[in-house]
Each structure stands twice: as C-alpha cells, then as structure tokens.
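Novice: here is a sequence with its predicted model. Questions after.
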Amino acid sequence: MKIALLVLFLAARILAEEEVKRPNIIFLMADDQNTYSMGCYGNKDVQTPNMDRLARDGMIFDRHYDTTAICMGSRANVFTGRYEYKTGCNFVHGDLSADLWEKSYPVMLREAGYLTGFAGKFGIVVQGKGICEDEFDFYGGGKGQTNFETAKNPSMKKYAKEYPHSTLSYGAFGCDVIRKSVEKEKPFCLSISFKAPHRPTTPDPKFDHVYRGKTFTRPANYGRRYGEHLAAQSKEGRQYERFESWGYDKKYDEVMAIYNQQIYAIDVALGMIRKELEEQGVTENTVIIYTSDNGFICGSHGYGSKVLPMEESTRVPLIIYDLSLIHI
C-alpha cells in the first residue's frame with residue numbers, strides 16, 4: 001500500500017467530513033531505514049522500544065514498498081501521491097512543478113484549515129518556491145541533505161543548545177508544534193523528515209553506549225556469493241563497490257552499530273512526540289504514520305546503499321496508528 005496515497009486519503013476524508021472532529025496527523029519519515037533495523041519487524045539485535053510500541057498500538061505493514069528507492073524521487077511521490085514518471089522529479093531529471101505542489105498533502109490540509117509544520121530534510125525543490133519555507137505555519141526544514149549538527153541548520157538553531165544533534169531537535173520541534181496547535185484549538189499536520197540514518201554516519205554521541213561492542217546477526221543473504229547471479233550492470237555502479245568501501249565486508253558490526261545508533265535516536269524522538277501528545281490530551285484524535293523514504297541494502301547480496309530494486313532497498317517500514325480505523 002503506497003504511503004503517499006494513504007496521506008492523500010486522509011486529506012480527502014478530512015475535506016469530506018467537515019462536521020466530524022478533524023484528526024491531527026503526524027507523518028514521520030526516516031532516511032535510508034530498512035525493515036531489518038526494527039524490533040517490530042523481527043530483528044532481536046536492535047533496540048527500538050518506541051517504534052515497537054507504536055506497532056503494537058497501531059498497525060504494522062509487512063509488504064510496504066517504495067516505487068523509487070532514492071530520496072528525491074521518493075519524497076516527491078509522497079508529497080503528491082504520484083509516481084516518478086508523473087512528477088518528473090528526481091536528481092538530474094527536474095524539480096517539482098508548482099502546479100503539482102499545489103496538489104500536495106501539506107497544501108491541501110492547510111487550505112482545509114489545518115496548521116501545518118515541517119522539519120528536517122525537505123528533499124525536493126519546487127519550481128519558483130524552492131524548499132517552501134512560506135508554505136507552512138511552523139518551519140524547521142532545510143535544503144539539500146541538511147546537517148546532523150543542529151546549529152548548522154538555520155531554521156533549527158534555537159534548539160541547538162539543548163539538542164546539539166539534529167535528530168532530537170526534530171523531536172523538540174514536533175513537541176512545540178503539538179503544544180502550540182492545541183493552544184490555538186486547531187487541528188495540525190506535522191511532518192518530520194529525519195536526516196538519520198543517512199550518511200555521512202554521524203550518530204548522536206549521547207547514545208554511544210547503546211550498541212558499544214555489539215555483535216549483529218548478518219542477514220541470510222549477506223555477502224558477495226549471494227549476488228553472483230545478479231546482472232553485470234548492477235556491479236558497475238557504486239552500490240557494488242560500497243560493500244567494501246563502506247566496510248560491510250570487514251567491519252560489519254562497527255558499521256551496523258553506527259547505523260542502528262542513528263535509528264535509536266529517531267526512536268527517542270518518537271517517544272518525545274508521543275509523550276507530548278499524551279500530555280496535551282490529543283493522543284486518541286491523532287493519526288501517526290511512520291515510514292522511510294527508501295530502505296538500505298547493508299551488505300545483502302554483497303552490495304551497499306540503495307537505488308537498485310532489491311527487497312532491502314525498496315521494502316520500507318510502515319506503521320500507522322489511527323484509533324478510528326483500529327476500532328472499526
């Protein structure tokens with residue numbers, strides 16, 4: 001089930017039910033997170049208590065796939081609910097047209113009376129609007145890849161002292177949006193696009209202890225011998241050489257400890273946001289969607305990175321918490 005269509009379905013449902021109390025929407029997107037990084041998807045080596053709790057409280061999707069396993073194309077898909085061949089938006093292909101942006105879920109919901117907030121990696125460029133700083137009521141977004149150092153993200157500088165690493169700063173931003181929206185007695189749509197666990201691998205040192213010295217179980221299809229049958233063309237790109245240059249061959253435990261440490265910080269940020277929902281008394285009327293823009297290969301088949309249409313790069317996490325659907 002395509003996440004973009006789910007978000008747009010929510011927007012359509014809201015527009016059609018004017019008299020019903022409108023649900024708040026929180027859309028959380030990691031960057032390069034595969035399903036193998038989460039306890040709720042069966043990995044016993046990792047610690048993701050808040051993601052696991054969200055899965056228990058809501059619904060977890062076992063077969064959720066992106067259609068473009070790279071960030072810019074995938075994000076354009078999510079904003080608009082359209083495939084890449086319809087948006088024309090991806091690296092070197094082109095920016096998103098202003099006309100398509102006007103049909104995106106943040107624009108639709110704002111027009112419907114929602115307060116909208118965005119923080120993190122915007123991931124696309126909209127023609128004539130750039131990264132759309134003026135299109136949201138609360139804005140903590142940034143262009144390009146953004147930075148793991150909060151102080152280097154201009155729109156997030158005010159969080160830098162308490163949260164020097166950007167992952168938790170986005171959790172704090174989310175708490176502010178929730179609190180201010182409740183004060184104004186208006187429904188909100190909060191979108192957070194975490195930079196983690198995207199490279200360069202720069203985990204929050206606050207969590208260095210979590211996986212220190214950890215040995216990770218390698219997937220059953222780990223290593224070069226499980227990619228011998230794949231096309232020669234797939235071995236000409238960077239995904240093939242990154243099995244070695246990124247250390248999956250000789251430093252697997254070290255590489256995966258850093259990868260999963262970055263995801264652990266997202267888990268903590270998710271916990272911050274859910275705690276704020278509870279304190280503001282809006283948990284039951286809030287839909288939470290958690291996903292990633294694409295997966296990550298992490299040594300399977302003897303490859304690294306993403307892009308290639310493999311299970312590890314195209315199958316991504318999806319958890320939806322929506323009490324109105326669970327109670328049907």
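Specialist: Noted; the coordinates are in hand. Numbers count the residues shown, from 1 in each chain.
Novice: how far out from the middle of the chain is stretch 87-106?
Specialist: 19 Å (C-alpha atoms, centre = their mean, to the nearest Å).
Novice: identify each buried residue in that stretch, please.
Specialist: Buried residues in stretch 87-106, counting neighbours by 16 or more other C-beta atoms under 10 Å, are found at 87, 89-90, 95-97, 100-101, 104-106. Where C-beta positions appear, they are placed from N, C-alpha and C, glycine not excepted.
Novice: which one of those is nearest residue 258?
Specialist: residue 90 (27.6 Å; C-beta to C-beta).
Novice: doesn't residue 84 make contact with that closest one?
Specialist: Yes. In this structure residue 90 lies within contact range of residue 84 using C-beta atoms under 8 Å: 5.8 Å.
Novice: any common contacting residues for these two?
Specialist: Counting by C-beta atoms under 8 Å, 6 or more residues apart in numbering, the residues touching both residue 90 and residue 84 are 68, 73, 76.
Novice: of those residues - the most surrounded one?
Specialist: Counting neighbours by other C-beta atoms under 10 Å, residue 76 leads the shared contacts of residue 90 and residue 84 with 30 neighbours.
Novice: where exactly do the strands run in the stretch 1-150 of the chain?
Specialist: All strands of the stretch 1-150 of the chain, identified by DSSP state E, counting those that start in this stretch, fall at 24-30, 59-60, 115-121, 138-142.
Novice: where in this structure is the helix or strand with the lowest mean pLDDT?
Specialist: When each helix and strand of the chain is scored by mean pLDDT, DSSP states H and E, helix 3-16 comes last, with a mean of 59.
Novice: got the contact list for residue 245?
Specialist: Contact partners of residue 245, counting by C-beta under 8 Å, 6+ apart, are residue 304.
Novice: what ranges do the strands span in the stretch 201-328 of the chain?
Specialist: Using DSSP E, counting those that start in this stretch, strands in the stretch 201-328 of the chain cover 286-292, 318-321.
Novice: which strands or helices does the longest one pack on?
Specialist: Think strand 286-292. Under the contact definition 3 or more C-beta pairs under 8 Å, 6 or more residues apart in numbering; DSSP states H and E, strand 286-292 sits against helix 3-16, strand 24-30, helix 49-57, helix 252-280, strand 318-321.
Novice: rank those by pLDDT, which is bottom?
Specialist: Of all the helices and strands packed on strand 286-292, the minimum mean pLDDT falls on helix 3-16 (a mean of 59).
Novice: of all the helices and strands packed on strand 286-292, which one comes closest to residue 118?
Specialist: Nearest to residue 118, of the helices and strands packed on strand 286-292 and by C-beta to C-beta, is strand 24-30 at 9.4 Å.
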